[in-house]
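Asker: Just the structure for this:
(chains A and B)
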Amino acid sequence: MERSRRRFFRDAGAAALGLGYGLPVLGTGCSFSEEGTHTEGDPTNQWAMVVDIEKCKRDEVRAACVEACNRAHNIPDIPDPDEEIEWIWTEKYEHVFEDQVHDHTPHAVLEAPVLVLCNHCDKPPCVRVCPTQATWKRESDGVVMMDMHRCIGCRYCMAACPYGSRSFNWRNPQEFIAKDVNGEYPSDYPTRSRGVVEKCNFCVERIREGLPPACVEAANGVSGGEGALTFGDLADPDSEVNRILHDTHTITRRHSLGTGPNVYYII
Amino acid sequence: MVPGMIPVKGKGVRTMSDRKFIYIGIAVLLIVVLYPFLHGMVASGDTTQPELYLPSDASECIEETEYMTANHMVLLNEWRDTAVREGIREYTSQSGEIIKISLTGTCISCHGRKDEFCARCHDYSNVTLSCWNCHVTPEGN
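Answerer: Below you'll find the model as predicted:
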């Protein structure tokens, strides 16, 4: 077959164009199909919490929540604020919702105490960065889990979390857990060791037994604190959480980041 | 002088008169290399198998004793992964019994004395175990 120089150049050009446009399109197609099998961020069930800021303004309510959590999970009481371990704690409104305040927000609002904890995000950035998969989003109920056996203490997750929900064990926490008269820890929950990161686990050990999280139970036990915290399944249309979200104006922390927090606040 | 031999300045010619030092060197080397074996031969007989505190109300663990002695660490690692990562909290033993996967709930309910059970063997074989760094330590009552 006779092939002219002109025809050769034309075909070569067409082939180069085809490769240049075709491969990226093919690649995108492949990555789409990969993402399709990924169920992260779309679990069947999703536990969620609603925090009523007004009901949580009373110190006794917040103190009861924090105390119950600390006892349920053997959380150490480390005096140095740089090294303290917190699963649920109080922050000022202006720090929790820094994108909701402005120059003319009343002082009382800026200073209002707000309970904060892990948001158990739909798309948790901490999970994306963990090099050992020590933290992952549980598909069955959306809880962002921690496996202390696997954590190597690199603290990438702490850098990634936009809510500061995670604490690092700079020292052996066991020395800072108050034991009772029999020399026993407040609960059977395993303590952590030096060099691991920890955070709120939505009380997986309690919800497994059909109990509400310790903080929710504690808030309901304080007079005036009933309903300060509500816990439920977003996938269940009849859950109390869904009822509140449907009827009431609620906000989440730093919604614009797209992490999809599952702790909602009634302001 | 032997033809072809190069004289070394100040030392004369090397001969086999160094034989004495060579034999001493070999003897020292042999002693150093064989010391651990000799020591073991002399000191053997001192070691006794550790005595374990065993629960009186059960004749066998969740699997056969031989299997547990050899493979408890494998089983515990499996339990750890299935319970923590997959949320599976039931284990079916070879005999078909369904057992709750729980270090504190199942293992320690029988083996409740760390110092007289876990530690005896682990000290003997010089294997560090890290379970009790975090999990509730069975001190026994």
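Asker: Show me which residues of chain B sit near chain A.
Answerer: Applying Cβ under 8 Å from any Cβ of the partner chain, one finds that chain B approaches chain A through B:Arg80, B:Val84, B:Arg85, B:Gly87, B:Arg89, B:Thr104, B:Ser130, B:Asn133, B:Cys134, B:His135, B:Val136. Where you see a C-beta, it was placed from the backbone N, CA and C, and this is true even at glycine.
Asker: Pull out the buried residues from the residues you listed.
Answerer: In terms of neighbour count (16 or more other Cβ atoms under 10 Å in any protein chain shown), the buried residues within the residues of chain B next to chain A are B:Arg80, B:Val84, B:Arg85, B:Asn133, B:Cys134, B:His135, B:Val136.
Asker: Surely the first one touches A:Pro190?
Answerer: No: the pair B:Arg80 / A:Pro190 is not scored as a contact, 11.1 Å apart, by Cβ atoms under 8 Å.
Asker: which residues touch whatever residue of the stretch 1-150 of chain A ends up closest to chain B?
Answerer: As assessed by Cβ to the nearest Cβ, chain B sits closest to A:Asp147 within the stretch 1-150 of chain A, at 5.2 Å. By Cβ atoms under 8 Å, 6 or more residues apart in numbering or on different chains, the contact list for A:Asp147 reads A:Gln133, A:Ala134, A:Thr135, A:Trp136, B:Val84, B:Arg85.
Asker: Tell me the confidence at it?
Answerer: Predicted confidence (pLDDT) for A:Asp147: 97.
Asker: Then A:Thr250?
Answerer: On pLDDT, A:Thr250 comes in at 97.
Asker: wait, doesn't it sit right on A:Val263?
Answerer: No: the pair A:Thr250 / A:Val263 is not scored as a contact, 9.8 Å apart, by Cβ under 8 Å.
Asker: Contacts for stretch B:32-51, please.
Answerer: With contact meaning Cβ under 8 Å, 6+ apart, stretch B:32-51 is reached by B:Arg120, B:Cys121, B:Asp123, B:Tyr124.
Asker: if we go to 6 Å?
Answerer: Contacts to stretch B:32-51, defined as Cβ atoms under 6 Å, 6 or more residues apart in numbering or on different chains, come from residues B:Arg120, B:Cys121, B:Tyr124.
Asker: In strands, which of those appear?
Answerer: Among these, DSSP state E puts none in strands.
Asker: Most neighbours among these, please name it.
Answerer: Ranked by neighbour count (other Cβ atoms under 10 Å in any protein chain shown), these have B:Arg120 at the top, with 17 neighbours.
Asker: Retrieve the pLDDT associated with that residue.
Answerer: Confidence score, pLDDT, at B:Arg120: 91.
Asker: The one 3 residues further on now?
Answerer: Per-residue confidence (pLDDT) for B:Asp123: 91.
Asker: And the helices in the chain, which stretches?
Answerer: No chain was given, so I picked chain A. Assigned by DSSP state H, the helices in chain A fall at A:5-37, A:59-72, A:93-96, A:107-110, A:125-129, A:156-160, A:204-207, A:214-221, A:240-247.
Asker: oops, chain B please
Answerer: Assigned by DSSP H, the helices in chain B fall at B:19-43, B:65-86, B:108-110, B:118-124.
Asker: Just put these in a markdown table and tack on distance to A:Arg171.
Answerer: As requested, the helices of chain B are exported to a markdown table (distance: least, Cβ to Cβ, whole Å):
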| stretch | distance to A:Arg171 |
| --- | --- |
| helix B:19-43 | 40 |
| helix B:65-86 | 24 |
| helix B:108-110 | 26 |
| helix B:118-124 | 25 |
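Asker: Under the pLDDT cut-off, which ranges of chain B? List them.
Answerer: For chain B, applying pLDDT under 70 flags the ranges B:1-16, B:44-46, B:141.
Asker: Tell me how it divides into domains.
Answerer: B:64-101, B:111-141 (automatic domain parsing).
Asker: I'd say B:Pro55 and B:Cys110 touch.
Answerer: Yes: counting by Cβ atoms under 6 Å, B:Cys110 is a contact partner of B:Pro55 at 4.3 Å.
Asker: Tell me, how many residues neighbour A:Met49?
Answerer: Using other Cβ under 10 Å, A:Met49 is surrounded by 26 other residues.
Asker: Residue 55: how many residues sit nearby?
Answerer: No chain specified, so I'll use chain A. 18.
Asker: my bad, the chain I had in mind was chain B
Answerer: Counted with other Cβ under 10 Å, the neighbours of B:Pro55 add up to 13.
Asker: Report the separation between it and B:Trp79.
Answerer: Using Cβ to Cβ, to the nearest Å, B:Pro55 is found at 19 Å from B:Trp79.
Asker: before we move on, what about A:Gly210?
Answerer: Counting by Cβ to Cβ, the gap from A:Gly210 to B:Trp79 is 23 Å.
Asker: again, but for A:Glu175
Answerer: Using Cβ to Cβ, A:Glu175 is found at 28 Å from B:Trp79.
Asker: neighbour count winner among those two?
Answerer: Using other Cβ under 10 Å as the criterion, A:Glu175 and B:Trp79 rank with B:Trp79 on top: 19 against 9.
Asker: where does chain A dip in pLDDT?
Answerer: For chain A, applying pLDDT under 70 flags the ranges A:1-3, A:24-43.
Asker: what does the domain assignment say about it?
Answerer: Chain A breaks down into these domains under automatic domain parsing: A:1-38, A:45-266.
Asker: Can you say which of those is packed in most?
Answerer: Most buried of the domains of chain A, by mean neighbour count (mean count of other Cβ atoms under 10 Å in any protein chain shown): domain A:45-266, with a mean of 17.
Asker: Dig out what A:Ile251 forms beta bridges with.
Answerer: Per DSSP bridges, the residues bridged to A:Ile251 are A:Tyr265.
Asker: Looks like it contacts A:Tyr265 (just checking).
Answerer: Yes: in this structure A:Ile251 lies within contact range of A:Tyr265 using Cβ under 6 Å: 5.4 Å.
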